[in-house]
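Asker: with the sequence up front, the predicted model follows.
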Amino acid sequence: MSLRTRFAALGLMVSLATIPLASGAAGEPYIINAILPLTGGESFLGKEEANALTVMETMVNKQGGIKGTPIHFVIADDQSSPVLAVQLANGIVAKKAPIIFGSSSVAVCSAVAPIVAKDGPLEYCFSPGIHPAAGSYVFSAGLSTGDLLLASAKFLKARGWTKIGVITSTDATGQDADRVIAEAFKTVGGITVIDQEHFNGTDVSVSAQMAHIKASNAQALIAWSTGSPFGTLLRGAIEAGLTIPILTSSGNLTYPQMKAYASFMPKELYFPASPGFAPNQLPNGQLKKEVQTYQAAFKAAGIDPDEGYALAWDPALMIVDALKKYGTNATAAQFKEYLDGLTNWTGIWGTHNFKAVPQRGVDVSSVILVRWDPTKNTWIGASKPGGDPL
């Protein structure tokens, strides 16, 4: 069966009545449930994350699965809706499954978190934008918004761009960014927001906001939104004649978006990213080895991986490792115990230490700023780990 055919099968929405248990009868695969936006506004990430789980499934099963038992990810489509995600999560909880992967956005993960936070199942959210309470059953993939923007602030200041314009969406992602930008700029010092604008994610124009930013004489712009609203921001910047560097969310590190926005791409577009986006900068060692394994798995599937694929990879691989330790009868408490105890687990996001960084494992030391290079049709490194420019 082709990867596309298998992905299509995975992409079918799983009804509440048919959400499977974590483990089936003898000889059947071990089921791992995920709730992802295969449709709706966040589907640009959800489809990639679902595809990454498919690639992971193929790789793990070729290596013998979990002591001979194959794994299988069953994915329910939350349609980018927090209400539907909660319904799906309740169905999984009722089946007593020990873990839920997903979803992809701050709003959806935050809606599901109260269901699982105290007693499980364990929720491994693929959005870096949530900030789970230490010791809870909720974990967040990737690098936190705080670490992404802290490294970005260091990078901006080091480049001499100290007067910054900011435009964020009015949704949960934008609200989180507003708070974190203020904290990052305060921590770094010597860098200020001289104009702060907001827009609704459904707006088709941001001409007035971009005119204000241009008039402010900002030296760089943080345009923090994801998906199609980010396209609105880029188009607005070009129409306003803004030629300053633009820095945006890592959630926009996707090839489809770069292709779609090629006709109105700014001259300098930067993203805070994971080490895997600049593999040539990595020294020989375990991190580079993990990135190479990751890239090889996707190359075999005919895929050039980007942010959505990356967000799902380390969480899924850690849970597979936990299953290899505890077996297919592992409980939510054992998954949590395993993650809480990791202090030197290296994946494509860096070396995870959950004792030092609860619920996430990695911090600002793993952030690398990258720039989109349209001549190479890929991202190239612009900083050292932590944000200092090359």
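Answerer: Good, I have the coordinates.
Asker: all contacts plus neighbour counts: C-alpha atoms, from now on.
Answerer: OK.
Asker: how's this protein carved up into domains?
Answerer: If you go by automatic domain parsing, the domain ranges for the chain are 3-143+286-359, 146-273+367-381.
Asker: mean pLDDT for these: which is lowest?
Answerer: Lowest mean pLDDT within the domains of the chain: domain 3-143+286-359, at a mean of 89.
Asker: tell me how far it lies from the chain's centre.
Answerer: Here the centre of domain 3-143+286-359 is set off from its chain's centre by 12 Å, with CA atoms, centre = their mean, to the nearest Å.
Asker: can you check stretch 207-218 too?
Answerer: From the chain centre to the centre of stretch 207-218 is a distance of 30 Å (CA atoms, centre = their mean).
Asker: please point out which parts of that stretch sit buried.
Answerer: Across stretch 207-218, burial judged by 16 or more other CA atoms under 10 Å covers 207, 209-214, 218.
Asker: check stretch 86-100 too.
Answerer: Here stretch 86-100 shows 86, 88-93, 95-100 as buried, counting by 16+ other CA under 10 Å.
Asker: so how many other residues sit close to Gly40?
Answerer: Counted with other CA atoms under 10 Å, residues neighbouring Gly40 total 13.
Asker: these two touch, right, it and Leu84?
Answerer: No - assessed by CA atoms under 8 Å, Gly40 is found out of contact with Leu84, at 11.9 Å.
Asker: find the nearest non-adjacent residue to Phe335, please.
Answerer: Ala322 (6.3 Å; CA to CA, 6 or more residues apart in numbering).
Asker: okay, now the one you found: neighbour count?
Answerer: Ala322 has 20 neighbouring residues, counting by other CA under 10 Å.
Asker: do Ala356 as well
Answerer: 14.
Asker: measure the nearest residue to it once chain neighbours are set aside to Ser274 for me?
Answerer: For Ala356, ignoring the flanking residues on the chain, the nearest one in space by CA to CA, 6+ apart is Thr343 at 7.8 Å. Thr343 sits 19 Å away from Ser274, taking CA to CA, to the nearest Å as the criterion.
Asker: now swap in Ile348 and tell me
Answerer: Distance from Ile348 to Ser274, by CA to CA: 7 Å.
Asker: what does Pro29 give?
Answerer: For Pro29, the distance to Ser274 - CA to CA - is 32 Å.
Asker: who has more neighbours, the two?
Answerer: Ser274 (26 against 20).
Asker: residues contacting that one?
Answerer: If you count contacts by CA atoms under 8 Å, 6 or more residues apart in numbering, Ser274 has them with 142-143, 348-350, 366-368.
Asker: so among these, which ones count as buried?
Answerer: Buried, going by 16+ other CA under 10 Å: 142-143, 348-350, 366-368, out of these.
Asker: for the chain, what spans make up the helices?
Answerer: For the chain, the helices defined by DSSP state H occupy 3-11, 43-62, 82-94, 106-116, 145-158, 172-188, 207-215, 228-239, 255-260, 286-300, 307-326, 332-341.
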